[in-house]
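**Q** only geometry, no sequence info:
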């Protein structure tokens, strides 16, 4: 879709990143039925299709048609950097039934005859029950298709956030959006997305926000940037006022997401550091958490933490905090060691 967002100074102070398990679950459902999204996810699809055959995904697909409007209550704003699925689903279940019915009707109207079908009539007749059904379905999809892979997915998403946060710190909003996605650009305080129009253009932040923020200061709502493994290849803004302005974009690194093995440490590096520390250093080509490293290398969390402490004390790694997570990345010395520049 195409849209323009105009930013005031107070909006810029409220721009942030967030990781949303619910949006990944929604993206996974779409990926199952969209061949143009399959390229990077074939290893996952081989398992997922068999499992998904036992799930009734028709209600989800009916309400979120390709290129059409999807109910905003299914996309609650992530209030923290790394949301928990249960908290996101609690926000979905808390929607007012009257508001849910309006949004369900708008979504069904995008598919000719959907509001007159047996399933569509049932959804409109019992919006509260429909909300419960949809939340339960997403919970089942998550448990069956994504939860076993979440450490791997989360590692990619966290690495993406760390990368773009550094770009924002180095060059401001223009540098951030220049590298975020080819469809996104930043011109004179305006975020512009180019793409085929899929729904009415949302108003800019200036015109669409309330006059005052929650603290009465007059501050705008800002923007939430959500990286996604399954939201590919587009970037989009799936919101309508008064919902939080949000941009979802493809995360960096999804090309190697399903690779079973990372870089192999050199023999010299193994002799110098030991097999486990050499493997961690060689494979740490993007900022990663202890949990993700433990999953990747099939080690206990305590063992990985001990190895990371040694590598950091030796000046080969640096750590930085993002929300409740600590991300580890190689220093210039660590990069030289891992790539054979010093061993």
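**A** Nice, I can see it. Bear in mind that the values here come from a model prediction, so they are computed numbers and not experimental data.
**Q** could you list the low-pLDDT ranges of the stretch 201-343 of the chain?
**A** Confidence mapping of the stretch 201-343 of the chain against pLDDT under 70 gives the ranges 201-221, 238-243, 260-265, 322-324, 341-343.
**Q** now do the buried residues in the lengthiest helix in the chain.
**A** Ordering each helix of the chain by length in residues (DSSP state H) puts helix 150-180 first. Within helix 150-180, the residues that qualify as buried by neighbour count (16 or more other Cβ atoms under 10 Å) are 150, 152-165, 167-168, 173, 175-177, 180. Using the backbone N, CA and C atoms, a C-beta is placed for each residue, glycine as well.
**Q** please state the offset of the host helix or strand of residue 10 from the chain centre?
**A** In the assignment (DSSP states H and E), residue 10 maps to helix 9-12. Remark: helix 9-12 is offset 23 Å from the chain centroid, using Cα atoms, centre = their mean, to the nearest Å.
**Q** what about the strands in the stretch 101-250 of the chain?
**A** Assigned by DSSP state E, counting those that start in this stretch, the stretch 101-250 of the chain shows strands spanning 184-187, 190-193, 224-228, 246-250.
**Q** how about those strands in JSON lines, adding distance to residue 86 and mean neighbour count?
**A** What follows is those, written out as JSON lines (distance: least, Cβ to Cβ, whole Å; neighbours: other Cβ atoms under 10 Å):
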{"stretch": "strand 184-187", "distance to residue 86": "31", "mean neighbour count": "16"}
{"stretch": "strand 190-193", "distance to residue 86": "31", "mean neighbour count": "18"}
{"stretch": "strand 224-228", "distance to residue 86": "18", "mean neighbour count": "24"}
{"stretch": "strand 246-250", "distance to residue 86": "20", "mean neighbour count": "22"}
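**Q** of those, which approaches residue 9 most closely?
**A** Checking those against residue 9 by Cβ to Cβ gives strand 190-193 as the closest, at 13.5 Å.
**Q** please enumerate residues in contact with that closest one?
**A** 1-7, 177, 183-186, 204, 223, 235-237, 247 (Cβ atoms under 8 Å, 6 or more residues apart in numbering).
**Q** buried subset of the residues you listed?
**A** Among these, the ones that count as buried by 16+ other Cβ under 10 Å are 1, 3, 5-7, 177, 183-184, 186, 204, 223, 235-237, 247.
**Q** mind checking which of these land in helices?
**A** Per DSSP H, helices hold the following members of these: residue 177.
**Q** closest to residue 315 out of the buried ones among the contacts of strand 190-193?
**A** residue 177 (33.7 Å).
**Q** hmm, residue 175 is touching residue 168, no?
**A** Yes: Residue 175 is in contact with residue 168 according to Cβ atoms under 8 Å; the separation is 7.0 Å.
**Q** helices or strands up against the helix or strand immediately after the helix holding residue 10 in the chain?
**A** Note on helix 9-12: by DSSP H and E, the next helix or strand toward the C-terminus is strand 16-17. Under the contact criterion of 3 or more Cβ pairs under 8 Å, 6 or more residues apart in numbering; DSSP states H and E, strand 16-17 touches helix 150-180, strand 224-228.
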